[in-house]
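1. sequence plus the predicted model coming up.
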2 protein chains.
Amino acid sequence: MAGTKTLRKEEYSISELAAEFSITPRAIRYYEEVNLLTPHRNSKTTQRMYTRRDRARLKLILRGKRFGFPLVEIKEMIDLYDVDPTEKEQLRQTVAYGDRRLGEIDEMIRELQEIREEIFEFRNRFLEVLEGEEA
Amino acid sequence: MAGTKTLRKEEYSISELAAEFSITPRAIRYYEEVNLLTPHRNSKTTQRMYTRRDRARLKLILRGKRFGFPLVEIKEMIDLYDVDPTEKEQLRQTVAYGDRRLGEIDEMIRELQEIREEIFEFRNRFLEVLEGEEA
DNA sequence: TCGTAGTTTTACGTTGACGTTAACGGAAGC
DNA sequence: GCTTCCGTTAACGTCAACGTAAAACTACGA
Ligand SMILES: [Zn+2]
Ligand SMILES: [Zn+2]
Ligand SMILES: [Zn+2]
Ligand SMILES: [Zn+2]
């Protein structure tokens, strides 16, 4: 057929995505349940089909999950990508939301660095004891 | 009584700790249930009493919680403070555990900084749109 | 001595993020 | 035509980390 270059995949089934990201189809359906994903249906088969945009959102979801953001907050953050840039009030709120988020994230980074340093000092103290005995 | 200087408190009741850290007694009892705290009992009253060491552990627990470490992992990390420095094998394992932890934490920091930057760029892009319209 | 306040144990309830099972439908291969 | 392999919905189960409520005990001050 003309114009059907499929160098990169255009659409994915649920199990393809599940396999690619090492999660279960159930999880993906759940993300749809809470409006984090909105696949369309292949009208013939009634099966969910995921576009590359859906796939990109899924990546963002999983990244947010990696360190404990709840799904509702992940949704807030992801929805930043879909703000209508002609709505001034929406823009203002989005900027304000971004500022709050940035503050929270900076605080997380600070605390993580504190923990990092403590663990690092402990590790080194123990290591010195070990090296002292081996000398 | 002789030798009973109590400049700094030596022991705390459960509600004192709860008030100090803005959590509930129930939460503190739960930490005991999962072996994160081991208060002793004032044998007269059967009430839990917390030493300054217990209080220090509680601080560590709450810090670990602030960004989503599960209690079991918090326990692993806190127990680093109680390693017997004469047991070489235990020391070696502790150092190895610390290394793994450090790797995980570094990865978390990296990803947080990525997220930070993305949000920051989005925020700025919106801000420029707003400022452009106001000019 | 009574009331009030703080504590105890036991036990059941709750929320988020899925896991698991059941019961069913369409397509593909033989 | 039957099996096998996706997929579907609906519904109940689970796990962590407590919340909440009940019933009983102890301490302490007026
Ligand atoms: Zn399609
Ligand atoms: Zn928030
Ligand atoms: Zn004591
Ligand atoms: Zn780990």
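-> All right, it came through fine. Ligands and ions are numbered 1, 2, ... in the order given.

2. which parts of chain A sit against DNA strand C?
-> Residues of chain A found near DNA strand C (C-beta under 7 Å from any atom of the strand) are A:23-24, A:26-27, A:30-31, A:34, A:44-45, A:65, A:70-72. For every residue, glycine as well, the C-beta is placed using N, CA and C.

3. show me these that map onto helices.
-> Secondary structure from DSSP state H places A:Arg26, A:Ala27, A:Tyr30, A:Tyr31, A:Lys65, A:Leu71, A:Val72 of the residues of chain A next to DNA strand C in helices.

4. run a quick neighbour tally on the third one.
-> So that's A:Tyr30. Residues within reach of A:Tyr30, counting by other C-beta atoms under 10 Å in any protein chain shown, total 14.

5. give me the pLDDT for it.
-> A:Tyr30 carries a pLDDT value of 97.

6. what's the spacing between it and A:Glu133?
-> 52 Å (C-beta to C-beta, to the nearest Å).

7. now the strands for chain A?
-> Shown for chain A, the strands assigned by DSSP state E span residues A:11-12, A:40-42, A:47-51.

8. so which elements touch the shortest one?
-> By that I understand strand A:11-12. strand A:47-51, helix A:52-66 (3 or more C-beta pairs under 8 Å, 6 or more residues apart in numbering or on different chains; DSSP states H and E).

9. right, is that strand up against DNA strand D?
-> No - Strand A:11-12 lies out of reach of DNA strand D by C-beta under 7 Å from any atom of the strand, never closer than 8.7 Å.

10. which residues of chain A lie near DNA strand D?
-> Residues of chain A lying near DNA strand D (C-beta under 7 Å from any atom of the strand): A:Ser13, A:Ile14, A:Ser15, A:Glu16, A:Pro25, A:Arg29, A:Thr46, A:Gln47, A:Arg48.

11. just flag the most distant two among those.
-> Using C-beta to C-beta, the residues of chain A next to DNA strand D span at most 17.1 Å, a distance reached by A:Glu16 and A:Thr46.

12. have a look at these two and say which one is more surrounded.
-> The neighbour comparison of A:Glu16 against A:Thr46 (other C-beta under 10 Å) goes to A:Glu16, with 13 against 7.

13. so where's chain A shaky on pLDDT?
-> A:1-7, A:44, A:134-135 (pLDDT under 70).

14. need the buried ones from the ones in helices among the residues of chain A next to DNA strand C selected in ChimeraX.
-> To isolate the buried ones among these in ChimeraX, judged by 16 or more other C-beta atoms under 10 Å in any protein chain shown, type:
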select /A:31,71
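
15. domain assignment for chain A?
-> The record's domain parsing of chain A by automatic domain parsing lists A:9-66, A:70-135.

16. what is the end-to-end distance of the first one?
-> So the one you mean is domain A:9-66. 26 Å (C-alpha to C-alpha, to the nearest Å).

17. again with stretch A:37-49
-> 11 Å.

18. what's the spacing between that stretch and its chain's center?
-> Relative to its chain's centre, stretch A:37-49 lies at 22 Å (C-alpha atoms, centre = their mean, to the nearest Å).

19. now swap in stretch A:69-84 and tell me
-> 10 Å.

20. what do you get for stretch A:93-103?
-> 18 Å.

21. now do the buried residues in it.
-> Quick answer for stretch A:93-103 (16+ other C-beta under 10 Å): A:Thr94, A:Val95, A:Tyr97, A:Gly98, A:Arg101, A:Leu102.

22. turn those residues into CSV, including distance to A:Ile109.
-> Converted to CSV, the buried residues of stretch A:93-103 look like this (distance: C-beta to C-beta, whole Å):
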residue, distance to A:Ile109
A:Thr94, 22
A:Val95, 21
A:Tyr97, 19
A:Gly98, 16
A:Arg101, 12
A:Leu102, 10
